[in-house]
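>>> Just the structure for this:
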Amino acid sequence: MRMSPRLSLNNGVLIHQLGFGLYKVPPASAEGLVAMALAAGYRHFDTAAMYGNELGVARGINPQLSPGAGSGGSGELFPALSREDVFVTTKVWNDHHGYDATLRAFDDSMVNLGLDYVDLYLIHWPCPRKGLFPDTYRALETLYREGRVRAIGVSNFQPAHLDRLLQTAEVVPAVNQVELHPWLQQEELRHKHKELGIMTEAWSPLGRGQVLDDPVIKACAAEHGRTPAQVILRWHMQLGHVAIPKASSEARIRENFDVFGFELSERDMAALAGLERGHRTGSHPDNVN
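Residues are numbered from 1 along each chain as shown. The predicted structure is shown next:
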């Protein structure tokens with residue numbers, strides 16, 4: 001079975017470059033979809049307290065972590081996994097900003113996930129008008145020092161938010177997870193990440209499906225005998241991003257993972273780089289509080 005490459009975060013922790021996103025996945029569906037994704041080769045799962053499906057994610061993962069586990073939920077068998085084989089991300093939601101509230105929220109997530117540790121814990125949104133994200137991040141630093149999380153980071157932080165955070169932070173975020181796709185390429189932010197040693201992780205890497213009909217991407221897909229989704233995900237892989245597409249069917253789960261058997265040319269990459277529109281499918285981080 002082909003596996004996603006793993007990239008090194010700034011603390012040496014390895015993260016699977018292609019993960020499975022669980023935004024808006026109903027709790028009742030999460031278990032089955034996670035099991036399908038495991039059978040397809042995914043080993044990186046991205047959930048959040050706000051999604052309400054941490055328990056379903058746990059039910060999809062945890063049976064495979066014990067000796068004798070086998071069925072991936074899709075009729076395909078694979079060996080039992082060790083905890084180290086699977087990378088799990090979750091996030092603290094906006095109504096739990098602040099030092100003590102974040103620690104309590106993390107405890108709740110751990111109960112839901114049934115794990116001894118989380119691989120990556122993120123601040124979901126900066127909520128700049130609240131002004132509490134430095135204290136929230138201080139709680140993440142405590143969890144990191146205690147070994148309850150292997151890496152910490154942020155989500156939806158813009159350059160100004162990172163500048164404010166780094167005035168007081170003692171641990172540079174390992175990851176900033178942001179909306180990123182060919183119509184929203186976040187070049188300034190990606191440059192800042194490179195300077196600081198922060199991994200760029202793309203949520204909505206396919207632009208919530210809106211980008212799939214772009215004629216440049218469709219032409220590139222036809223040339224390679226691939227789907228538009230595969231071309232976009234391959235673009236992310238070659239740029240060195242971590243990407244976490246979501247999918248709600250076994251066919252799409254497998255399609256999204258099948259991006260390691262071809263390569264985009266320099267001409268292809270330049271063509272996709274020219275698609276920037278500043279088009280957000282989600283909220284601007286300054287407006288979420």
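>>> In contact with A247, which residues are there?
Contacts of A247 were listed using Cβ atoms under 8 Å, 6 or more residues apart in numbering, and they are F20, L33, A37, I253, E255, N256. Bear in mind the C-beta positions are built from the backbone N, C-alpha and C, glycine included.
>>> SS state for it?
With DSSP: H, G, I helix; E, B strand; the rest coil as the basis, A247 sits in coil.
>>> now swap in V178 and tell me
Classification of V178 by three-state DSSP places it in strand.
>>> now it: how far from M3?
Noted for V178: a distance of 25 Å to M3, by Cβ to Cβ, to the nearest Å.
>>> which of these two has more neighbours?
Regarding V178 and M3, a neighbour count based on other Cβ atoms under 10 Å identifies V178 as having more, with 23 against 13.
>>> Skip the chain neighbours and tell me the closest residue to T281.
Of all residues not flanking T281 in the chain, R208 sits nearest, at 4.3 Å (Cβ to Cβ, 6 or more residues apart in numbering).
>>> try E187
That would be E276: by Cβ to Cβ, 6+ apart, it lies 7.5 Å from E187.
>>> Nearest the middle, which residue of the protein would you pick?
I244 (4.5 Å; Cα atoms, centre = their mean).
>>> and it, how far is that from E201?
From I244 to E201 the distance is 7 Å (Cβ to Cβ).
>>> what do the two both touch?
Common contact partners of I244 and E201 (Cβ under 8 Å, 6+ apart): Q177.
>>> Which of the contacts of A247 sits closest to L120?
L120 lies nearest to F20 out of those, by Cβ to Cβ, at 13.7 Å.
>>> And for that closest one, the neighbour number?
27.
>>> likewise P134?
Neighbours of P134 (other Cβ under 10 Å): 16.
>>> Please give me every residue in contact with it.
Contacts of P134 (Cβ under 8 Å, 6+ apart): R164, L165, Q167, T168, A169.
>>> what residues does the strand or helix carrying L7 touch?
Per DSSP states H and E: L7 is located in strand 6-8. Here strand 6-8 makes contact (Cβ under 8 Å, 6+ apart) with L14, I15, H16, Q17, M199, G240, V242.
>>> What pairs with that strand, parallel or antiparallel?
strand 14-16 (antiparallel) (DSSP bridges).
>>> next one: the helix or strand just after the strand it pairs with to chain centre, how far?
Moving toward the C-terminus from strand 14-16, the next helix or strand (DSSP H and E) is strand 20-21. Its chain's C-alpha centre and that of strand 20-21 lie 6 Å apart, by Cα atoms, centre = their mean, to the nearest Å.
>>> Sheet partners, orientation included, of strand 20-21?
strand 44-46 (parallel).
>>> what mean pLDDT does the strand it pairs with have?
Averaging pLDDT along strand 44-46 gives 98.
>>> ok, of the contacts of P134, which one's closest to V118?
Looking across those and measuring by Cβ to Cβ, the closest to V118 is A169, at 18.9 Å.
>>> Settle this for me: that closest one is touching D135, isn't it.
No. Contact status for A169 versus D135: not in contact, 11.1 Å apart, counting by Cβ atoms under 8 Å.
>>> For the residue lying closest to G153 once chain neighbours are set aside, what are phi and psi?
Nearest non-adjacent residue to G153, counting by Cβ to Cβ, 6+ apart: V175, 3.5 Å away. In terms of degrees, to the nearest 10, the main-chain angles of V175 are phi -140, psi 140.
>>> wait, isn't Y117 in contact with A151?
No. With contact defined as Cβ under 8 Å, Y117 does not reach A151; the gap is 10.5 Å.
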